[in-house]
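# Need a 3D model of the following:
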Amino acid sequence: MSGLRMLDLVKPFQAILPEIVVPARKLPFYDKIAYTVGIAITFFVMAGIPLYGAHVSESDPYSFTRAISASSHGTLMELGVGPMVTSGIIFQILGGFQALNVNFDVRADRELFQSGQKIFALLLTFFHAVFLVFFAQTYGTISTDSSVSELSLGAAVLIVAQLTAAGLVLILLGEIVDKGYSFGSGSGLFTALSVSQNFMWQNLALLKVHHEFVGSIPALLVGLWKNGLFNFGGSYRYIIENSFFRQNLPNLLQLYLSVAVFLLTIYLNTFRVDIPIKSSRVRSLATAFPVKLLYTGSMCLFLLSAFSQNVLIYSQSLYVQFPDNLMVQVLGSWGADGSPVGGIAYYISPSNFGYDVIKMVLYSVYTIVGCTLFSKYWAEISGSAPKDVAKQFQAQSIVIVGQRAQSAPRELAKVIPVAAAVGGAVVGAIVAVCDIFGGLGASAAPMIVAVTSMNNYFEILAQEGDMAQMGKAFGM
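This next block holds a predicted model:
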């Protein structure tokens with residue numbers, strides 16, 4: 001390739017950029033388990049360390065993105081995998097449309113691409129931290145007037161440094177997973193850990209807030225104990241209202257919705273179209289290529305969550321600085337409690353629906369259309385498009401039964417784009433319905449991500465021949 005490419009600008013930084021070395025051989029199953037446990041412990045520790053010097057408010061406008069972005073309010077994991085996912089999206093788009101002029105068949109180009117993606121993720125982490133601290137003033141007011149200032153300049157810089165350093169550690173942990181020391185992808189693992197932690201916390205936590213248990217199940221048991229279990233004359237109305245419909249704390253309705261979404265996602269994951277294929281070398285070797293309804297899995301939710309998180313961060317930051325600007329107000333208006341009350345930011349946030357039918361409709365349209373488009377276009381730029389699958393068929397001497405090798409892209413194009421778009425729309429519809437009727441949102445999307453991540457892990461284990469070892473590890 002001649003001339004200077006955008007990727008060539010990354011070369012001077014490769015020497016100083018921390019990098020995880022690819023293992024010289026495939027790691028044994030138990031070694032991968034050990035790495036996974038170590039990464040999980042590190043992640044949970046970082047998610048539990050509060051930001052030093054920060055004034056953390058109870059209001060959290062990004063709460064509905066927390067589980068998917070693997071972030072935790074007021075801790076080192078404030079930004080989670082948001083910058084990593086955003087960087088991955090942008091680089092995949094640029095690489096897919098050859099805006100970077102990259103050849104993925106050349107090892108040097110692949111290394112430059114990965115290094116560029118890592119640098120951009122770190123830059124996004126830094127800029128997001130700056131916007132949250134200095135512009136949105138999420139952790140306290142910064143002012144030259146000492147009487148109103150809650151955060152000194154030194155403390156603000158320290159918070160930015162903490163978030164940036166934590167972001168770098170998370171990027172490197174993700175690279176450890178991606179390089180083959182663990183299973184699946186880094187962002188997928190962190191999200192699965194975050195979803196599991198949130199689910200356990202919301203339903204089993206014994207912490208009390210305003211004399212009520214946070215966990216929905218302990219709250220139910222306490223209600224039964226006080227009003228029904230050993231008091232046959234007690235009223236069950238309190239149990240139903242408090243355990244199933246209580247506000248501002250997890251309730252059993254959300255638990256049941258989560259279980260329903262879990263089962264529904266497993267069911268939808270069985271929907272597929274089998275395209276009969278055979279080897280052009282071995283005539284007797286025939287099988288089927290499955291195109292699932294959830295063709296891109298939960299990737300559309302990752303992308304939509306990252307997009308929403310970026311919009312909210314920049315909207316809040318701009319509104320704090322320019323509250324009277326009309327364009328800023330269109331992007332989003334924010335209340336004194338730090339929650340969106342108007343503009344685009346308000347209508348894309350699954351909170352405070354009340355009887356606002358317009359918000360319900362607009363949020364549903366945003367979620368369904370967003371998931372549909374993200375799913376469709378992700379299939380095109382991530383190496384899963386019909387032409388990419390046809391190229392893999394050709395490399396493995398595989399043809400579609402009853403079709404010529406040259407017609408494979410056309411035949412695949414009849415199924416794959418439709419599956420990607422319809423699957424995204426179905427996922428978006430499930431999330432929208434649960435967010436509107438489930439209260440606090442955040443129950444459907446993380447559960448869909450958890451199910452698809454588990455399915456991906458099982459597929460990876462099956463492909464690598466580790467299913468038998470996993471069975472032995474669990475005594476099966």
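
# nearest spatial neighbour of Thr287, skipping sequence neighbours?
Sequence neighbours aside, Ile277 is the residue nearest to Thr287 in space, at 6.2 Å (criterion: Cβ to Cβ, 6 or more residues apart in numbering). C-betas here are computed from N, CA, C, even on glycine.

# After the helix or strand that neighbour falls within, which helix or strand is next? Please name it.
Using DSSP states H and E, Ile277 sits within strand 272-279. Moving toward the C-terminus from strand 272-279, the next helix or strand (DSSP H and E) is strand 286-292.

# Tell me, domain by domain, which residues of this protein belong where.
If you go by automatic domain parsing, the domain ranges for the chain are 1-215, 251-476.

# Save these as CSV, and put in distance to Gly223 too.
Listed next are the domains of the chain as CSV, based on distance: least, Cβ to Cβ, whole Å:
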stretch, distance to Gly223
domain 1-215, 10
domain 251-476, 10
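
# would JSON lines of these with mean neighbour count and mean pLDDT be doable?
Conversion of these to JSON lines gives the following (neighbours: other Cβ atoms under 10 Å; pLDDT from 0 to 100):
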{"stretch": "domain 1-215", "mean neighbour count": "17", "mean pLDDT": "88"}
{"stretch": "domain 251-476", "mean neighbour count": "18", "mean pLDDT": "85"}
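
# Now for the residue nearest to Thr287: which residues touch it?
Shown in contact with Ile277 (Cβ atoms under 8 Å, 6 or more residues apart in numbering): 286-289, 393, 398-401.

# How much space separates it from Phe393?
Counting by Cβ to Cβ, to the nearest Å, the separation of Ile277 from Phe393 is 7 Å.

# Quick check: neighbours shared by those two?
Residues touching both Ile277 and Phe393 by Cβ under 8 Å, 6+ apart: 399-400.

# Remind me what the helix or strand hosting Gly428 packs against, helices and strands.
Under DSSP H and E, the secondary-structure element containing Gly428 is helix 416-438. For helix 416-438, the helices and strands in contact under the criterion 3 or more Cβ pairs under 8 Å, 6 or more residues apart in numbering; DSSP states H and E are helix 252-268, strand 286-292, helix 299-321, helix 357-381, helix 386-395, helix 444-464.

# mind exporting the last one as CSV, just the C-alpha atoms?
So that's helix 444-464. Once side chains and other backbone atoms are set aside, the C-alpha atoms of helix 444-464 remain, and they are given as CSV (Å, rounded to 0.1, in the frame of the first residue of the first chain):
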residue,chain,number,x,y,z
ALA,A,444,-35.0,-7.0,29.9
ALA,A,445,-31.9,-5.7,28.1
PRO,A,446,-29.3,-7.1,30.6
MET,A,447,-31.1,-10.5,30.7
ILE,A,448,-31.1,-10.7,26.9
VAL,A,449,-27.4,-9.9,27.0
ALA,A,450,-26.8,-12.6,29.7
VAL,A,451,-28.6,-15.3,27.7
THR,A,452,-26.9,-14.6,24.4
SER,A,453,-23.5,-14.3,26.2
MET,A,454,-24.1,-17.7,27.8
ASN,A,455,-25.1,-19.2,24.5
ASN,A,456,-21.9,-17.8,22.9
TYR,A,457,-19.8,-19.2,25.6
PHE,A,458,-21.3,-22.7,25.1
GLU,A,459,-20.7,-22.4,21.4
ILE,A,460,-17.1,-21.4,22.0
LEU,A,461,-16.6,-24.3,24.4
ALA,A,462,-18.1,-26.7,21.9
GLN,A,463,-15.9,-25.5,19.0
GLU,A,464,-12.8,-25.7,21.2
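
# what's the angle from it to helix 357-381?
20 degrees (axes from the mean of the first three to the mean of the last three Cα atoms, to 10 degrees).

# Can you classify Val399 by secondary structure?
With DSSP: H, G, I helix; E, B strand; the rest coil as the basis, Val399 sits in strand.

# Thought Phe393 was touching it, still the case?
Yes: under the contact definition of Cβ atoms under 8 Å, Val399 touches Phe393, with a separation of 6.9 Å.

# Need the overlap of contacts for those two.
Common neighbours of Val399 and Phe393 are listed as 277, 405, 408 (criterion: Cβ under 8 Å, 6+ apart).

# what sits against the second one?
It stands for Ala405. Residues counted as contacts of Ala405 (Cβ under 8 Å, 6+ apart) are 280, 393-394, 399.

# Out of the residues you listed, which comes closest to Gly423?
For Gly423, the nearest member of the contacts of Ala405 is Phe393. The distance, counting by Cβ to Cβ, is 21.7 Å.

# isn't Val133 right up against Ile159?
Yes: distance between Val133 and Ile159: 5.2 Å, which falls inside the contact criterion (Cβ under 8 Å).

# any common contacting residues for those two?
Contact criterion Cβ under 8 Å, 6+ apart; residues shared by Val133 and Ile159: 139, 151.

# which residue packs closest to Ile93, ignoring adjacent ones?
Of all residues not flanking Ile93 in the chain, Ile381 sits nearest, at 5.7 Å (Cβ to Cβ, 6+ apart).

# Next, work out how far apart that neighbour and Ser308 are.
Applying Cβ to Cβ, one obtains 20 Å for the distance of Ile381 from Ser308.

# swap in Leu122?
From Leu122 over to Ser308 (counting by Cβ to Cβ), the distance is 22 Å.

# quick one: Ile142 is in a helix?
No: inclusion of Ile142 in a helix is not indicated when three-state DSSP is applied; the result is coil.

# Would you mind measuring from the residue nearest to it when sequence neighbours are not counted to Asp337?
Once its chain neighbours are removed from consideration, Ile142 has its nearest residue in Leu151; the separation is 5.1 Å (Cβ to Cβ, 6+ apart). Spatial separation of Leu151 from Asp337 under the definition Cβ to Cβ is 18 Å.

# Repeat that for Ser315.
Between Ser315 and Asp337 the computed distance is 15 Å (Cβ to Cβ).

# Same question for Lys226.
When Cβ to Cβ is the yardstick, Lys226 and Asp337 sit 32 Å from each other.

# ditto for Thr65
From Thr65 across to Asp337, the span is 18 Å (Cβ to Cβ).

# what's the answer for Glu459, then?
Glu459 sits 44 Å away from Asp337 when distances are taken as Cβ to Cβ.

# How about the contacts made by Gln137?
With contact set as Cβ under 8 Å, 6+ apart, Gln137 has these partners: 151, 320.

# Assign a three-state SS to it, would you?
Reduced to three states with three-state DSSP, the structure at Gln137 is coil.

# Would you report the backbone torsion angles of it?
Note on Gln137: backbone dihedrals following degrees, to the nearest 10 are phi 50, psi 50.

# Please export the alpha-carbon coordinates of stretch 328-343; CSV is fine.
Coordinates of each C-alpha in stretch 328-343 appear next as CSV, following Å, rounded to 0.1, in the frame of the first residue of the first chain:
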residue,chain,number,x,y,z
VAL,A,328,-28.5,22.3,23.8
GLN,A,329,-32.1,22.3,25.1
VAL,A,330,-33.2,20.2,22.0
LEU,A,331,-30.5,17.7,22.8
GLY,A,332,-31.6,17.6,26.4
SER,A,333,-32.8,19.6,29.4
TRP,A,334,-31.8,18.5,32.9
GLY,A,335,-33.4,19.0,36.3
ALA,A,336,-31.7,20.0,39.6
ASP,A,337,-31.6,16.3,40.6
GLY,A,338,-29.4,15.4,37.6
SER,A,339,-32.1,13.6,35.6
PRO,A,340,-33.2,14.5,32.1
VAL,A,341,-36.6,16.4,31.9
GLY,A,342,-36.8,17.4,28.3
GLY,A,343,-35.3,17.1,24.8
